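**Q** Show me how the following folds:
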Amino acid sequence: MQGQVQFPDGTWGNWIAEYKEEAGGRETPKKTETGQEKEGNIIFPFVAYGSEELPEPTDVLFRNATVWTNEADGILTGTDVLVKNGKISAIGKNLPQEDITVIDATWKHLTSGIIDEHSHIAGSGGINEGSHAITSEVRIGDIINPDDISIYRQLAGGVTAAQILHGSANPIGGQSCIIKHRWGENAEGLKVKGTVGFLKHALGENVKQSRTPQYLAIRYPQSRMGVEQIIKDAYTRGKEYLYRWDRYNKLNPKDKTYTTRPRRDLQLEAIGEVLRKKSYITCHTYVQSETNMIMKLADEFGIKAHTLIHNTEGYKIADKMREHGAAGSVFSDWWAFKYEVYHAIPYNAALHLDHGVITCIHSDNAELSRRLNQEAAKAVKYGGVSEEEAWKLVTLNPARILHLDDRMGSIKPGKDADLVLWSDNPLSIYARAEKTMVDGIIYFDMDRDVKLQQYIQKERSRLLKKMMAAGNDKPSFSGAKTNQQFLWDDEEVIDIFNETDINELNR
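**A** Reported below is the predicted structural model:
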């Protein structure tokens with residue numbers, strides 16, 4: 001017998017087989033001290049592109065780079081940046097060379113890491129708790145999946161941090177979680193410590209279930225006026241909840257003995273944090289009328305609609321956003337993926353900036369996130385935004401919106417060493433992130449990535465050979481199951497209902 005074969009590394013070759021004798025017995029596999037067959041080394045995380053050891057911070061001197069500071073100094077050419085103990089230590093020309101790693105950055109561009117203000121990666125089991133209209137008690141921080149390959153892929157696109165948000169199925173959804181892309185750390189190790197809170201709100205078609213099949217759309221509210229009222233009702237209950245607790249806490253210890261302690265309510269507690277301005281509203285909105293509504297509703301309760309997400313008609317009311325104190329987190333040019341974004345225009349970000357609104361460009365999509373540098377570049381084409389201001393749309397501005405600009409978003413001594421070394425102008429479609437550093441640790445390196453790909457092909461080949469060599473006395477591999485990864489975004493709760501077989505849902 002003869003033919004052709006494709007090897008696990010993708011190459012092709014010829015094969016020929018002649019019968020000689022019956023096959024002999026299998027080689028006995030090597031056992032570990034525990035008696036279990038060893039399948040390879042433990043890596044962090046225990047998925048593809050993991051490392052056998054967690055990386056450590058490295059003191060590094062980037063030599064002779066074009067540095068995008070995002071500070072008053074602007075873009076500096078032929079400049080050095082010194083990283084020590086996970087922080088940016090010094091910036092200048094011809095910095096003294098110490099006994100540390102020196103990276104030649106000549107003709108390359110060094111920037112702060114991209115921050116995705118609106119992401120849904122690393123969430124396990126879904127990002128919408130759609131069973132009730134008000135679910136402020138749920139927390140994205142409880143379901144962070146540190147093994148999500150999207151983290152590594154986004155490091156390859158220069159993304160170093162992201163806010164992981166609840167979806168848009170609810171007028172008031174869950175509490176967000178801000179992470180850094182510390183690939184290999186556990187869930188708690190990804191979380192950024194000392195951050196303020198953000199509570200997801202949503203308006204429009206998703207919330208009133210416009211595109212949900214009728215037999216499933218049974219939850220109140222189902223109209224825009226109902227959405228407004230249920231949010232108002234929730235904040236009214238939140239005020240009453242705080243009042244009861246304030247009145248109880250003001251009692252002296254003796255009186256507390258004869259007074260019923262208020263029942264703790266996690267749902268109202270989260271809303272109370274917003275009313276006390278310890279947490280902030282981040283609201284999914286599209287149409288002008290609803291954006292006006294949420295700002296006026298917030299004014300009624302003495303708070304702010306802190307961040308207006310997507311906000312595709314924000315350009316119509318940017319002056320009102322500035323007066324209210326709202327920030328805009330927008331798409332670059334998404335349009336017409338449903339009816340309420342029919343008036344979206346690619347000049348939206350530029351017009352926000354023209355009116356003095358703090359503005360960032362977000363992804364809302366795991367694939368788009370690793371190309372946010374190109375999304376920012378669109379603001380140069382659509383609106384004539386300068387390159388420096390366009391770059392701030394995905395770095396310093398989201399840091400400001402997340403109240404983290406004292407720690408990240410620009411290259412300044414004392415800030416976290418979240419840096420990206422680009423092969424070209426970071427706004428160019430030809431630019432590639434050669435090295436991505438988080439807290440002074442290089443989590444992505446293009447040269448190392450090539451070696452990892454080769455290792456993965458080798459390991460795949462080893463496992464395939466082992467599977468093929470298994471005898472009849474071994475379990476069959478044909479029935480092996482894998483969990484398919486789903487790349488969540490805000491709209492997924494609707495899309496799943498539309499695309500899933502009705503009989504399957506009924507089961």
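**Q** Tell me, domain by domain, which residues of the protein belong where.
**A** 1-14+43-113+410-462, 115-408 (automatic domain parsing).
**Q** Between the two ends of the longest one, what distance do you get?
**A** For domain 115-408, the first-to-last residue distance is 9 Å (Cα to Cα, to the nearest Å).
**Q** Next: stretch 344-353.
**A** Taking Cα to Cα as the measure, stretch 344-353 stretches 16 Å from start to finish.
**Q** so where's the longest helix in the protein?
**A** Identified as the longest helix of the chain according to DSSP state H is helix 224-249.
**Q** Any buried residues in that helix, and which?
**A** Within helix 224-249, the residues that count as buried by 16 or more other Cβ atoms under 10 Å are 224, 227-228, 230-231, 234-235, 237-238, 241-242, 244-245. In this view, the C-beta of every residue, glycine as well, is placed from N, C-alpha and C.
**Q** what do you get for stretch 55-69?
**A** Applying 16+ other Cβ under 10 Å to stretch 55-69 flags 55, 57, 59-69 as buried.
**Q** what do you get for stretch 213-226?
**A** Under 16+ other Cβ under 10 Å, the buried positions of stretch 213-226 are 219, 221, 224.
**Q** Setting the sequence-adjacent residues aside, check what's closest to residue 436.
**A** The spatially closest residue to residue 436, leaving aside those adjacent along the chain, is residue 444, at 4.0 Å (Cβ to Cβ, 6 or more residues apart in numbering).
**Q** That neighbour should be in a strand, yeah?
**A** Yes. Residue 444: assigned to a strand according to DSSP: H, G, I helix; E, B strand; the rest coil.
**Q** Next, format the buried residues of helix 224-249 as CSV and append pLDDT and distance to residue 463.
**A** Below are those laid out as CSV (pLDDT from 0 to 100; distance: Cβ to Cβ, whole Å):
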residue, pLDDT, distance to residue 463
224, 95, 54
227, 97, 51
228, 98, 56
230, 98, 52
231, 98, 52
234, 98, 52
235, 98, 55
237, 98, 55
238, 98, 54
241, 98, 55
242, 98, 57
244, 96, 60
245, 96, 57
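**Q** Name the nearest of the buried residues of stretch 213-226 relative to residue 487.
**A** When these are ranked by distance to residue 487 (Cβ to Cβ), residue 219 comes first, at 25.4 Å.
**Q** if I pick the closest one, what's in contact with it?
**A** Neighbour list for residue 219: 130, 131, 132, 133, 209 [criterion: Cβ atoms under 8 Å, 6 or more residues apart in numbering].
**Q** Show me which of those are buried.
**A** Here, 16+ other Cβ under 10 Å leaves 130, 132, 133, 209 buried among these.
**Q** In terms of helices and strands, where is the nearest residue to the last one once chain neighbours are set aside?
**A** Distances taken as Cβ to Cβ, 6+ apart put residue 217 closest to residue 209, at 4.0 Å, once the chain neighbours are dropped. Secondary structure from DSSP states H and E places residue 217 outside every helix and strand.
**Q** Cross-check the contact I'm expecting between residue 110 and residue 67.
**A** Yes. In this structure, residue 110 is within contact of residue 67 by Cβ atoms under 8 Å, at 5.0 Å.
**Q** Can you check which residues contact both of the two?
**A** Here residue 110 and residue 67 share the contacting residues 81, 411, scored by Cβ under 8 Å, 6+ apart.
**Q** For burial, what's the neighbour tally of the residue nearest to residue 418 when sequence neighbours are not counted?
**A** Distances taken as Cβ to Cβ, 6+ apart place residue 113 nearest to residue 418, at 3.8 Å, with adjacent residues excluded. Residue 113: 25 surrounding residues under other Cβ atoms under 10 Å.
**Q** Now residue 113. Its backbone dihedrals?
**A** phi -70, psi 150 (degrees, to the nearest 10).
**Q** show me the contacts for it.
**A** By Cβ under 8 Å, 6+ apart, the contact set of residue 113 is 158, 159, 160, 161, 395, 408, 418, 419, 420, 436, 437, 438.
**Q** again, only using 6 Å
**A** Neighbour list for residue 113: 160, 418, 420 [criterion: Cβ atoms under 6 Å, 6 or more residues apart in numbering].
**Q** go on, residue 435?
**A** So residue 435 contacts 421, 442, 445 (Cβ under 6 Å, 6+ apart).
**Q** and which of those residues is nearest residue 251?
**A** Nearest member of the contacts of residue 435 to residue 251, counting by Cβ to Cβ, is residue 442, at 56.0 Å.
**Q** Okay, and the closest residue to the closest one other than its chain neighbours sits in which element?
**A** Using Cβ to Cβ, 6+ apart and skipping the chain neighbours, the partner closest in space to residue 442 is residue 435 (5.5 Å). Using DSSP H and E, residue 435 sits within strand 433-438.
**Q** quick one, strands of the stretch 251-400 of the chain?
**A** Taking DSSP state E, counting those that start in this stretch to define them, one finds strands in the stretch 251-400 of the chain at 279-285, 307-310, 327-330, 359-361.
**Q** sorry, back to before: nearest to residue 324, of the contacts of residue 435?
**A** residue 421 (39.1 Å).
**Q** Now restrict the contacts of residue 435 to buried residues only.
**A** Among those, the ones that count as buried by 16+ other Cβ under 10 Å are 421, 442, 445.
**Q** how near is residue 167 to residue 209?
**A** Applying Cβ to Cβ, to the nearest Å, the value for residue 167 to residue 209 is 13 Å.
**Q** for residue 251, that is, sorry about that
**A** Distance, residue 251 to residue 209, using Cβ to Cβ: 44 Å.
**Q** Quick check: which ranges of the chain have low pLDDT?
**A** For the chain, the stretches flagged by pLDDT under 70 are 8-9, 24-40, 471-486, 488, 490-507.
**Q** mind running it again at 80?
**A** Regions of the chain meeting the criterion pLDDT under 80 cover residues 7-10, 23-41, 98, 214-216, 470-507.
**Q** show me the contacts for residue 61.
**A** By Cβ under 6 Å, 6+ apart, the contact set of residue 61 is 82, 100, 102.
**Q** quick check, nearest of those residues to residue 414?
**A** residue 82 (12.1 Å).
**Q** beta partners for that closest one?
**A** Assessed by DSSP bridges, residue 82 has beta-bridge partners residue 61, residue 90.
**Q** Buried residues, stretch 429-443. List them.
**A** For stretch 429-443, a neighbour-count test (16+ other Cβ under 10 Å) marks 431, 433, 434, 435, 436, 437, 438, 439, 440, 441, 442, 443 as buried.
**Q** if we can go back for a sec, quick check: neighbours of the strand holding residue 435 in the sheet, parallel or antiparallel?
**A** Next to strand 433-438 in the sheet, as set by DSSP bridges, lie strand 419-422 (antiparallel), strand 441-445 (antiparallel).
**Q** Among those strands, which comes closest to residue 354?
**A** Of all the strands paired with strand 433-438, strand 419-422 sits nearest to residue 354, with 27.8 Å by Cβ to Cβ.
**Q** Pull the distance from that closest one to the chain's centre.
**A** Its chain's C-alpha centre lies 19 Å from the corresponding centre of strand 419-422 when counted by Cα atoms, centre = their mean, to the nearest Å.
**Q** Tell me how far residue 487 lies from residue 370.
**A** Counting by Cβ to Cβ, the gap from residue 487 to residue 370 is 12 Å.
**Q** So which of these two has more stuff around it?
**A** Taking other Cβ under 10 Å, residue 487 and residue 370 do not tie; residue 370 has more neighbours (22 against 14).
**Q** what's near enough to touch the more buried one?
**A** 153, 154, 157.
**Q** please redo it, this time with the cut-off set to 7 Å
**A** 153, 154, 156, 157, 159 (Cβ atoms under 7 Å, 6 or more residues apart in numbering).
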